[in-house]
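S.K.: can you look at this prediction? I've put the sequence above it.
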Amino acid sequence: MGAEARLADVPDDAIDAGRDVLSFRSAGKIFPDGTEAVRDISFTLRRSEFVSVVGPSGCGKSTLLRMASGLSPETSGKVQRLVENLGFVFQDATLLPWRTVQRNVELLAELDGVRRSERERLAREAINRVGLQGFEEHYPKALSGGMKMRASVARALTTKPPIFLLDEPFGALDEITRGALNEELMRLYVSEQFAAIFITHSISEAVYLSSRVLVMSPRPGRIVAEFEVPFPYPRLPELRFDPDFARIAGEVSHALRKGYE
Amino acid sequence: MTTQAMNTIDPAIELQGRRGQGLPRRLALSLGPPLVLFGVFVGLAYSISYLILSPGRRWLFPPPHEIVKNGFLNGRNLHEQLTALWDTAQVSIVGLLIAFAIGATVALVMSQAKWIERSLYPYAVLVQVTPILAIVPLIATWFGYDFTARVVVCVLIAVFPIITNTLHGLLTVDSELHDVFTLHHAGRIERLVKLQIPHAVPDVFVGLRVSAGLSVIGAIVGEFFFRQGTPGLGRLLDVYRAYLETDLMMSALLFCVALGLASFLVVGIVGRQLTKNWYEEGNR
C-alpha cells in the first residue's frame, strides 16, 4: 500500500458529468475588502468520493467550501456544480432553537416545498439514521453538543444530497464524541455513497475518513499537496494504528509544515 | 449507536433536576432580601413621621398606618382610587398594545433594507427624545382630553423600546442560519416568518417589558396634565394635591406603582411562557 504524493494535477479536458459532481478550475476568491482568501484552486470531486481538506486555521478552507456551495461566489476562475442538491453541515449545528428536533430536521424539506406527511416521514427516517430516535420532541437546548450535530447531519440527510459539504463539523466537540461521530459519518458514507468535501484541521481524521486529502497553504490558500488514501471502506478505528496509516499521516503533516515555508 | 445516544442524554436530566429542587430556595433568595429592605423602609417612614416631624407638621409625611387606614380601608376613598386605577390601566394597556402594533410593524419594515432603516431610525429617535410634557399640549389641542389623547401619549412614550428591541432581534440572526435558508432558496417572507420573527420573540418581550412601565407613566402624565376627562390616577393625584391630602396622595402613588409593576410582571411572565421551551437566557 502506498500513498502517492503529488501536486494537484488537473486534467484540462471538460468535466465528465457521469463521473464528476463538482469541479474547481483555477478558482480564486478576493473579498470586497481586498483580502485574498484562496488562490488558483483546481480539483475535481468525483461521484462518491470523500475528499478532506486540511490546512492551517485562516487558510481559506471554509471559504473554499462556501465557494463550492455557491454561498460565496468565486471572483476568478470557475466553480462548477453538476448537482444542485447539497448537504451543508456547519461547524455549529445551526438548529433553530425554537423548533423541536423533529421540526428542525424537517426544515430543509419544508423550504424545498415538500408536503407535510412526506417531510415528516423523511425526518423520522433521518432521525433514526443518526440514532436520535426518542429525542424527536426535545428542543436543542436540552441536547448535548454531539446530539445537536447528529440532528444537524440528520437535517442534511433528508434531502438525500449527492454531495455533502462538511465544515469542521465536529471541531467543537470533545475527543470521544468526535470519534463516535466520525465512525457514524463513515457508516453513513458507506451506506449512502455520497461525495463529500470534509474540512478539518485534524490530520488523522482526514486520513481516516477520506480517499483523498488536499493540503492547503496559509493565506492566500492554495492546494500545495494531494494524497491518495488507498485503504478500502468500511474502515475500522484500528486502522489508525496501521503503519501505512501512520506513514500517510506523516506525509500529510510534512506537506502541511512545508506549506508554511 | 443507541448506547451512545443514551449516554449523551445526561445534560437534559441534570437540567430538569436542578430546576425541580431549586424552586423554594430560589423563591426565598429572590423574595427574602427585598422583604427585609421593605421592613427597613417602613421603619424609616415611621421615624420620619414621629421623630423628625413635630405633631403639627406630621401631615406632611403621614405614618404608614394612616396611609393604609385612609387610602385602603376607607370605602369611599378606596372605591375612588380603584375606579381611577381601572381607568388608568385601560389607557395604559390600550396604549401598550397600539405601541406594540406600530413598533413591531416599523421594525419589520426597517429590517427589510438598510436604506429603510437609515431613513426611519432618526425619526424613531426624535419620538424618543421629544420631552413628553412638551408635546402633551399639542396632543390635547389635536385629540382633546379624553381616552384617545391619553392613549396617544402612552404610544409616544412606549413605542421606541419596542422598535429598537424588535429590530435588534430581527437583525441578529446568526449568519450561518441565514446560509441554511439561502442554500434552499428561501424567499424574503419565508425567511422572515420562519427565521427572523421567531428569533426576535425574546427581544420583543425585552422591549415590551420596558414599554409596559413607560405606558403606565404615559397614562398618568397625560391625565395629570390634561386635568379633564375621566379621572384616572393622575387626575386623582392632582385633586389630592389641591386639598393637601398627603396620605391619599401616597396611597394613590402606591396604586400607580402597583399598576406599573403588574404590567411589567405580566409581560415578563407571558414572554417567559412563550419562550421557556427553547430560549437560553444569556446565551446570545
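M.R.: Perfect, thanks for sending it.
S.K.: give me the element the spatially most central residue of chain B is part of.
M.R.: Note on chain B: the residue nearest the mean C-alpha position is residue B:212, at 2.4 Å, using Cα atoms, centre = their mean. Under the criterion of DSSP states H and E, residue B:212 resides in helix B:197-226.
S.K.: pull the distance from that helix to the chain's centre.
M.R.: Centroid separation for helix B:197-226 versus its chain: 5 Å, with Cα atoms, centre = their mean, to the nearest Å.
S.K.: quick one on the thing from earlier: not counting its neighbours along the chain, what's nearest the residue nearest to the centre of chain B?
M.R.: Nearest-residue entry for residue B:212: residue B:263, 3.7 Å, with adjacent residues in sequence omitted and distances by Cβ to Cβ, 6 or more residues apart in numbering or on different chains. (Glycine included, C-beta is placed from N, CA and C.)
S.K.: isn't the one you found up against residue B:92?
M.R.: Yes: in this structure residue B:263 lies within contact range of residue B:92 using Cβ atoms under 8 Å: 6.6 Å.
S.K.: what is in contact with those two at once?
M.R.: B:212, B:215, B:216 (Cβ atoms under 8 Å, 6 or more residues apart in numbering or on different chains).
S.K.: quick check, nearest of these to residue A:211?
M.R.: Nearest to residue A:211, judged by Cβ to Cβ, of the shared contacts of residue B:263 and residue B:92 is residue B:212 at 60.7 Å.
S.K.: what's the closest non-adjacent residue to the residue in the stretch 151-284 of chain B that chain A sits nearest to?
M.R.: Nearest residue of the stretch 151-284 of chain B to chain A, counting by Cβ to the nearest Cβ: residue B:184, 3.8 Å away. The shortest distance from residue B:184 to any residue other than its chain neighbours is 3.8 Å, reached at residue A:111 (Cβ to Cβ, 6+ apart).
S.K.: that neighbour: neighbouring residues, count only.
M.R.: 20 (other Cβ atoms under 10 Å in any protein chain shown).
S.K.: just the pLDDT at it, thanks.
M.R.: For residue A:111, the model assigns a pLDDT of 94.
S.K.: please, where are all the helices along the stretch 51-200 of chain A?
M.R.: With DSSP state H, counting those that start in this stretch, the ranges of helices along the stretch 51-200 of chain A come out as A:61-69, A:101-111, A:116-129, A:145-157, A:175-192.
S.K.: gap between residue A:251 and residue A:155?
M.R.: In this structure, residue A:251 and residue A:155 are 36 Å apart, going by Cβ to Cβ, to the nearest Å.
S.K.: neighbour-wise, which of those two wins?
M.R.: Between residue A:251 and residue A:155, residue A:155 has the larger neighbour count (other Cβ under 10 Å), namely 28 against 19.
S.K.: next up, the contacts around that one.
M.R.: A:95, A:104, A:105, A:107, A:108, A:126.
S.K.: what parts of the stretch 101-250 of chain A come near chain B?
M.R.: Taking Cβ under 8 Å from any Cβ of the partner chain, the part of the stretch 101-250 of chain A that reaches chain B is made up of A:107-108, A:110-112, A:131-135, A:138-144, A:146-147, A:150, A:177, A:180, A:184.
S.K.: burial count for the nearest residue to residue A:156 once chain neighbours are set aside?
M.R.: Excluding the flanking residues, the one nearest residue A:156 by Cβ to Cβ, 6+ apart is residue A:87, at 3.5 Å. Residue A:87 is flanked by 23 other residues according to other Cβ under 10 Å.
S.K.: so in terms of bridging, what pairs with residue A:87?
M.R.: In this entry, residue A:87 is beta-bridged to residue A:164, by DSSP bridges.
S.K.: which residues are in contact with it?
M.R.: For residue A:87, the contact set (Cβ under 8 Å, 6+ apart) comprises A:156, A:157, A:159, A:161, A:163, A:164, A:165, A:194.
S.K.: next one: the second one from residue B:83, what distance?
M.R.: Noted for residue A:157: a distance of 63 Å to residue B:83, by Cβ to Cβ.
S.K.: same check on the last one?
M.R.: In this structure, residue A:194 and residue B:83 are separated by 71 Å, where distance is defined by Cβ to Cβ.
S.K.: who has more neighbours out of these two?
M.R.: residue A:194 (21 against 15).
S.K.: what score does the more buried one have for pLDDT?
M.R.: 93.
S.K.: ok, it touching residue A:48?
M.R.: Yes: if you go by Cβ under 8 Å, residue A:194 and residue A:48 touch, sitting 6.9 Å apart.
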